[in-house]
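A.B. asks: Got a sequence here, can you model it:
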Amino acid sequence: MATCHPEFVGGEVIGDDEVRIDLRVEMPLHCQADGISDTGVRIVEPVTLRIPSKYPWRSPQVRLRADFPRNFPHLHPGGADAPPRPCLVDGDQDEFFLQFGLVEYGVFHLLEQVAVWLRKAAVNHLIDPVQGWEPAMRRGLRDTIAFDAETMRATRLKAGGYIAWRGRFGRTGADDATLLDGASVWINSDGVKTPLSTTDKSLFSVSPMSNGGTLGKTVIGIVWADKPPSGGTYVSDRYTPDDVTTIDELRARADTLGCRRGLDLFLSNLERSWQGWHLNQPIPIGIVLCVERPVHLIGSNSAIELLPYVVEIRPYDQRTTGIVRGGDEPVRPALHYQTLNAPLLRTLAGVPERPALALLGCGSVGSKLALHAARSGQSIIAISDEGWLRPHNMARHALSPTAVGQPKTAALADELAGFSLSPTLYQDDIASALRDEAIRAKVIPAGTGIVVNATASLAVREALSTAIRPHDRARYIEAALFGRGRMAYLLVDGASHNPNHNDLMAEMYATLADGEAIALLADPETGLAEIQIGQGCGSLTMTIDDAQLSMMTAGLAKEIDHAADHPNADGLIVTGVCDIDTPTTRWTRQTVPSFETVVIEGSDGWELRISQRIAAKIRSSAAASPHAETGGLLVGLSSARMKTVTVVDLLDAPTDSTCSAGLFVLGTTGLQDAIENRHQASGRTLFDVGTWHSHLADEGPSALDWRTATELAAGRAPPSVLLIVTPLRFHALIAKDTNGG
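C.D. replies: Numbering: from 1, shown residues only. Purely as a prediction, here's the structure:
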């Protein structure tokens, strides 16, 4: 197959597992005449394919001639005694090779990648300077240093030198193993600066692991280039091979990058910091050379390239030095992993920074919403729940069984700590806390941008709606599941919390056209049930498996994110209904404008809240009857705790109603049947909450209106509101209680 490649000119089988392929390299005419390019690439390049033992499940390994120039990007790191290895694909070379069904095609396309690589190397076009500087290849290395790159770049020392960060390490391999022979290292740092002190014994430690490795504390030396004699900053504009394998080679590498003085200073101070004490196991040390390039790095706005390495010291008793092999002490280039933080998570999720979140309710839904938010890099600054994790919670909860027996808030906080989140905790009655000014800030702290109520509690919903404070700009969101997890809803209040969640819940019941969704909301067969969780005790919960709950909660999390990323002055109702036997779910969004509010005269501070949809219908009906008063029945919800009557629907006036220029009298024919039918159609949720009628002139309630209100109230459960619409405004009144009740 290699002979079929257009650039093939020769080759030979070297052994059982090696083949040499000679490839012609395209280059400018003047270079062809010389037989070599200006960059050192020959007109014919020998390429060795080493066949791995797991071939054809693994790709052949490609190597160039031993004296091939090493000052190119896209070369894998390696020692000077190993032949250069080009990086041929953006990703895993094995996966690239395996994508071709026939092995021969895989070899052919691998050779094509080599030919393209050599062609670009010949004219020094392996990267496009407009795209930026190509960082040194680190793929496939065994050792890792994890830190926040931007935090490290911010430590820049203009005059050069070093600073040290505290770190933690994990090491595998025997104590006498070296980095080049059997040992591998992971070092992690949170970016805590520290001096290298001879008296601070907390800098270093080591303890054994059960698998034979070690864990402990260490440091990372961050080395910066000296300022050049000409002033300004030291800029390294040449690629150099990353073939460091020893301390002396690391010093030479630092010398070419202007970092030698800082590196030597770090190593000497590191040696001095061990004076007077010892540990009898090797301690890995991280070293990062910080190098300024002439242009920004590809994929970054910064021109600072960070080159990490690991070395080990052996501060044994009776030693003369911790670097026991001197200049031959093994050193290995290391991978850099970004530490787990919000920017990294947002980058991986492909999402913007979102407002800080306060979570009410840490049950199955709340815990899963919290972890979805945390994994997207969103700050969670407060969590509240008065419950404790019990064994039965593990059927659906986001946390593991090891958390059983802990408060839900504390257990969830422990999990969030791994994401560098430290929310405030409130473990008591949430509804009471929201109504108490002295405690409310523990539930919704300053700086909260989004409040998510995942309690499925009417008390919390109403308390949250009454807990609004001036200049409270956080958006309130309620999320819940019904119908054994087949139905989900999300409520997002409007700007200035109008409409609020009570308004939106009433509006949802009034406008939900999906009969299946209404049934799932209201059907007792799919609602809460008493589940026995122990002898003599039960839990009021839904029977639902974790997969169903996780699937629907993930949808709710996506809708919360959408609401955060696309803020709207209107309120929002989102519903999702899942098929009974497939994961297919239909989601709908409905925007809801702010409700009109009218103070109810004759009440003790009650308020009438009218959906704009209904307000428009009332005004339209009144305008359509300019010579006679007209009216009808108000349908909605009421709350004595909030002192609100919410109107979200109308019923037409019965046919025996009286309409005249000065009077409207509501008839009775078919009225009770109409009320009952509407109540049933809403899942037995919406009720008759009063009546409305029009005035032809802009005048408020008359004495007759007050008498009418009293008469209407006598036949209805309180409160019974009388709404009057005039050409300019609404008036609302309620009959005064004349019975002392």
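A.B. asks: Run a quick neighbour tally on His178.
C.D. replies: Residue 178: Thr, not His. 15 (other C-beta atoms under 10 Å). The way it works is simple: take the backbone N, C-alpha and C, and place the C-beta from them, glycine included.
A.B. asks: which ones are touching it?
C.D. replies: The contact partners of Thr178, taken as C-beta atoms under 8 Å, 6 or more residues apart in numbering, are 312, 330.
A.B. asks: Quickly list the domain ranges of the chain.
C.D. replies: 2-122, 144-339, 353-592, 596-734 (automatic domain parsing).
A.B. asks: all helices for the stretch 1-150 of the chain, in order.
C.D. replies: 29-34, 93-98, 103-122, 149-153 (DSSP state H, counting those that start in this stretch).
A.B. asks: Model confidence score at Leu528, please.
C.D. replies: Leu528 is assigned a predicted lDDT (pLDDT) of 42.
A.B. asks: Could you do Asp579 as well?
C.D. replies: Value listed for Asp579 in the pLDDT field: 92.
A.B. asks: For the closest residue to Asp472 other than its chain neighbours, give me its contacts.
C.D. replies: In space, and not counting its chain neighbours, Asp472 is closest to His497: 7.3 Å by C-beta to C-beta, 6 or more residues apart in numbering. His497 makes contact with 465, 468, 472, 476, according to C-beta under 8 Å, 6+ apart.
A.B. asks: Now the two most distant members of those residues.
C.D. replies: Ser465 and Asp472 (11.6 Å; C-beta to C-beta).
A.B. asks: Look at these two and report which has more neighbours.
C.D. replies: Taking neighbours as other C-beta under 10 Å, Ser465 and Asp472 compare with Ser465 leading, 21 against 14.
A.B. asks: Check the offset of the helix or strand where that one lies from the chain's centre.
C.D. replies: Using DSSP states H and E, Ser465 sits in helix 458-466. The chain centre lies 28 Å from the centre of helix 458-466; the measure is C-alpha atoms, centre = their mean, to the nearest Å.
A.B. asks: Put the alpha carbons of it into PDB.
C.D. replies: Only the C-alpha atoms of helix 458-466 are listed here, as PDB (Å, rounded to 0.1, in the frame of the first residue of the first chain):
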ATOM      1  CA  LEU A 458     -46.800  25.600  48.500                       C
ATOM      2  CA  ALA A 459     -45.700  27.200  51.800                       C
ATOM      3  CA  VAL A 460     -42.200  28.000  50.300                       C
ATOM      4  CA  ARG A 461     -43.800  29.300  47.100                       C
ATOM      5  CA  GLU A 462     -46.000  31.700  48.900                       C
ATOM      6  CA  ALA A 463     -43.300  32.700  51.400                       C
ATOM      7  CA  LEU A 464     -40.900  33.400  48.500                       C
ATOM      8  CA  SER A 465     -43.500  35.600  46.800                       C
ATOM      9  CA  THR A 466     -44.100  37.600  50.000                       C
END
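A.B. asks: Next, format the contacts of His497 as a markdown table and append pLDDT.
C.D. replies: Listed next are the contacts of His497 as a markdown table, based on pLDDT from 0 to 100:
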| residue | pLDDT |
| --- | --- |
| Ser465 | 89 |
| Ile468 | 80 |
| Asp472 | 83 |
| Tyr476 | 97 |
